[in-house]
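*Asks:* Pasting the sequence and the predicted model now:
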Amino acid sequence: MADGDGLTLGSVNMSTQQTHLQRDGAPLIAFSVANLDGDGIIGASTSDGIGVQGTSDSGTGLRGATNTGDGVVGITQGGEESAGVRGTAQIGRAAGVVGEAESGSGVLGLSDLHGVTGATPGGIGVLGYSGHSTGVYGQSDGPDDFNSAGVRGVSVYGNGVIGSSAEGWAGLFVGPVFVDGDLAVSGSIGTAAAGRVMPAEWIGRADLVDGHAVVGLEPGGAARFGTEYHVFVTPEADCAGLYVSARREDAFEVRELRRGRSSVAFSYRVVAPSADRPARRAIPRTTPAVAAEGRPPDPAEGMGAVLADRLRQRGAGRG
C-alpha cells in the first residue's frame, strides 16, 4: 500500500506519512469503529511513541465506553517507571487522572504490594477530602500484630502522624491505647467521664531555702488555668510545717510555718479543678510555638475548597 491510497478493511495498511481525518460541521463523530466480537481499535507503537492519542481543545480527548466491561484498559510490561495508564496535568491544580462513580469507587487500586501509591517531592502524597464524612479511611483485616494497621504513619526524622482540629479532638481513640516509647505532653492530662473532665494534676519536688521557696509553672501546665489551681505540699524532713503563701499564674510560693527558717526538700502536687468544664474544652490543646512567618506553607491549603467545588459541579451535572 502506497502513500495516498485508501484504507482497506480486513488487511494491513502501512504508510510512512501521517493519516489525518477531519470532519467539519455539526458536532458529530468523525470516525467510528465497531467490532461485534473483538477489539474495536488497537493502537501499537514499537518505539517510544504513542499507540493511541486523543486530543481536544475543550472536550474529551479520548473516551472509552462499555455496557459491562472495561471502558479503557492500559497494560504495560515495562519497568518500574512504566504505567498501564498515565495521566498528566500541566496547568495549575488540574488533575492528571479523575475517576468518578455513581455509587462505587471513583478510583480503585488493586495490587499484591500497594493498592494505591502517591508520591511527591514536596507536596502531599495522598490527599483525601470529604464534605461530611471521613477524608481518609483505612481498614485492615490482618492478624492482631504490629504488621496489621488500618492506617500507618512512618517518618525518619519528622512526625509519623499529625492530627489537628480547630474545634474537635485532634486525636480520638476508641479502645485500648498502647505506646511503645516515651510519651511527651505539652498541656494538662484529664480523664473524660460522663461528659466531664476529672481534675488535671502535676507533681514534683523542690527545695525550701531559709524557710522560703518559689516554684515556677510551665506555660503548658497548670499556668493555663491562671490562679484557679490547688497546691498540696509535703515536707521530706523535719520542720515546723509548710504552707502555700501565694499563687500566681507563673509560679507559687511556699513558706515554713511560724516564720521558720528551715532548708528542707518537699514534694508538691498541683491540681487544676476542671471538673466543672465541658469535656471538649476542659483539656487545653496547644500547638508548638512557631511564629506565623516561620511556618512552612501548607501544600493542601485551598484544596478542600477545590475538591468541594468539583463535587458540587458533579452533582449539578447529574441534575
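*Replies:* Yep, that arrived. Numbering: from 1, shown residues only.

*Asks:* from here on, contacts and neighbour counts on C-alpha atoms
*Replies:* OK.

*Asks:* now the closest residue to residue 164 other than its chain neighbours: how far from residue 106?
*Replies:* Nearest residue to residue 164, sequence neighbours excluded (CA to CA, 6 or more residues apart in numbering): residue 170, at 4.4 Å. According to CA to CA, to the nearest Å, residue 170 stands 28 Å off from residue 106.

*Asks:* what's the helix or strand for the most centrally placed residue in the chain?
*Replies:* Residue closest to the average C-alpha location in the chain (CA atoms, centre = their mean): residue 127, at 6.7 Å. Using DSSP states H and E, residue 127 maps to neither a helix nor a strand.

*Asks:* Could you count how many residues lie near the nearest residue to residue 229 once chain neighbours are set aside?
*Replies:* Leaving out its chain neighbours, the residue that sits closest to residue 229 by CA to CA, 6+ apart is residue 272, at 4.4 Å. By other CA atoms under 10 Å, the residues close to residue 272 number 24.

*Asks:* Specify the beta-bridge partners of residue 272.
*Replies:* Beta bridges link residue 272 to residue 200 when assigned by DSSP bridges.

*Asks:* my guess is it meets residue 227, correct?
*Replies:* No: contact criterion CA atoms under 8 Å: residue 272 and residue 227 do not qualify, at 9.1 Å.

*Asks:* which residues does residue 108 contact?
*Replies:* Residue 108 sits next to 115-116 when contact means CA atoms under 8 Å, 6 or more residues apart in numbering.

*Asks:* So it: helix, strand or coil?
*Replies:* Classification of residue 108 using DSSP: H, G, I helix; E, B strand; the rest coil returns coil.

*Asks:* ranges for the strands of the stretch 151-300 of the chain?
*Replies:* 192-193, 196-197, 200-207, 212-216, 230-235, 242-247, 251-256, 265-272 (DSSP state E, counting those that start in this stretch).

*Asks:* Would you mark the buried spots in the fifth one?
*Replies:* Neighbour-count burial for strand 230-235 flags 231, 233, 235 (criterion: 16 or more other CA atoms under 10 Å).

*Asks:* now swap in the fourth one and tell me
*Replies:* Within strand 212-216, the residues that count as buried by 16+ other CA under 10 Å are 212-215.

*Asks:* ok, for residue 214, nearest residue in space, not its chain neighbours?
*Replies:* residue 253 (4.5 Å).

*Asks:* how far away is that neighbour from residue 55?
*Replies:* According to CA to CA, residue 253 and residue 55 sit 77 Å apart.

*Asks:* For the residue nearest to residue 214, grab the count of nearby residues.
*Replies:* Neighbourhood size, residue 253 [other CA under 10 Å]: 17.
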